[in-house]
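Novice: Got a predicted model here, sequence first, then my questions.
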Amino acid sequence: MGSEGDGVRIAALQHDIVWEDRAANLERLAPRVAAAVGAGAGLVLLTETFSTGFSMSPGLGEPEGGESAGFLVEQAAEHGVWVGGTCPELAGDGDPRPYNSFVLAGPDGTVHRYRKLHPFTHAGEHEYFRAGDRPVTVQVGELRVSLFVCYDLRFADEFWRLAPDTDVYLVPANWPAPRRLHWQALLQARAIENQAYVVGCNRVGTAGDGTEHCGDSRIVSPTGELLATAAGVETMVLADVSAAEVAATRERFRFLADRRG
């Protein structure tokens, strides 16, 4: 399906991450991006902090457009598709804390950045990462794609505000295994509430700090149907998504118009 017409085939790459080793991760991910493209994907989503793991070690930040973002740009250009994931990026203003930046690179060289709005204070992320200040929606073919990251998933109001102008929400994550039911339920809830596709791409494996991850990546339809799901191993989930399907769902069930406030 690629990105022809009003639809795009999206691939979420559920992968393990070598702790704080960018070179190793980029080497491992390149052939997986190629495999997703070979399966017809027009947009390939990697996980949160795909090149380092969710580490809060000081000094791990990169300049904006550094090695990790450069990898996404190179992959997008090489394969003629959209490629995204998050990485720690410094603003260059003297603050040593990077943003948790969701970088989405297009096949034409365009690069879009969403800076995670909600640092995970429960784990102290706010002490090591800065918070972004605005949402981002990107036009991908005929699709309006809104970008969020992991913990943002708990804040329904952010998703609600963007719903009228969103066909697909992308949510890369390093969501821990002990709260896997929250991840599964919230992805489905955000799709049902907003009558839009939700793509959740979570990592697997054990992080360098001992945190366990069980994947559970999935693509959810505008009616809450699970179009593609994954368990706890490295794999790829694929689904064709369509702006026309979102419009038809919202026309058939006019729920958004009944919202107040």
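Specialist: Structure's in. What do you need? Numbers count the residues shown, from 1 in each chain.
Novice: quick one, phi psi at residue 115?
Specialist: Dihedral pair for residue 115: phi -100, psi 120, per degrees, to the nearest 10.
Novice: try residue 58
Specialist: Backbone geometry at residue 58, expressed as degrees, to the nearest 10, gives phi -60, psi 150.
Novice: from what I can see it touches residue 128, true?
Specialist: Yes: using Cβ atoms under 8 Å, residue 58 is in contact with residue 128, at 7.3 Å. The way it works is simple: take the backbone N, C-alpha and C, and place the C-beta from them, glycine included.
Novice: neighbour count winner among these two?
Specialist: Higher neighbour count among residue 58 and residue 128: residue 128, with 19 against 9, using other Cβ atoms under 10 Å.
Novice: what's the pLDDT at the more buried one?
Specialist: Among the per-residue scores, residue 128 shows a pLDDT of 95.
Novice: Report the spatially nearest residue to it, omitting neighbours in sequence.
Specialist: Among residues not flanking residue 128 along the chain, residue 56 sits closest, at 3.9 Å (Cβ to Cβ, 6 or more residues apart in numbering).
Novice: How many residues are close by the one you found?
Specialist: Residues contacting residue 56 under the criterion other Cβ under 10 Å number 15.
Novice: In stretch 36-48, which residues are buried?
Specialist: Buried residues in stretch 36-48, defined by neighbour count with 16 or more other Cβ atoms under 10 Å: 36-37, 41-48.
Novice: Now find how far off-centre it is within its chain.
Specialist: Remark: stretch 36-48 is offset 11 Å from the chain centroid, using Cα atoms, centre = their mean, to the nearest Å.
Novice: who's in contact with it?
Specialist: By Cβ atoms under 8 Å, 6 or more residues apart in numbering, the residues outside stretch 36-48 that reach it are 1-3, 8-15, 17, 29, 33, 54, 72, 75, 79, 81-86, 100, 140-141, 145, 149-150, 170, 172-174, 199, 201-203, 236, 238.
Novice: out of the residues you listed, which are inside strands?
Specialist: Among these, the ones falling in strands (DSSP state E) are 8-14, 82-86, 100, 140, 145, 170, 172-173, 199, 201-202, 236, 238.
Novice: Buried ones among those?
Specialist: 8-14, 82-86, 100, 140, 145, 170, 172-173, 199, 201-202, 236, 238.
Novice: Measure how buried residue 235 is and give me the count.
Specialist: Other residues within reach of residue 235, judged by other Cβ under 10 Å, total 17.
Novice: what do you get for the one 4 residues further on?
Specialist: Counted with other Cβ under 10 Å, the neighbours of residue 239 add up to 20.
Novice: top helix in the chain by residue count?
Specialist: Ranked by residue count under DSSP state H, the longest helix found in the chain is helix 22-38.
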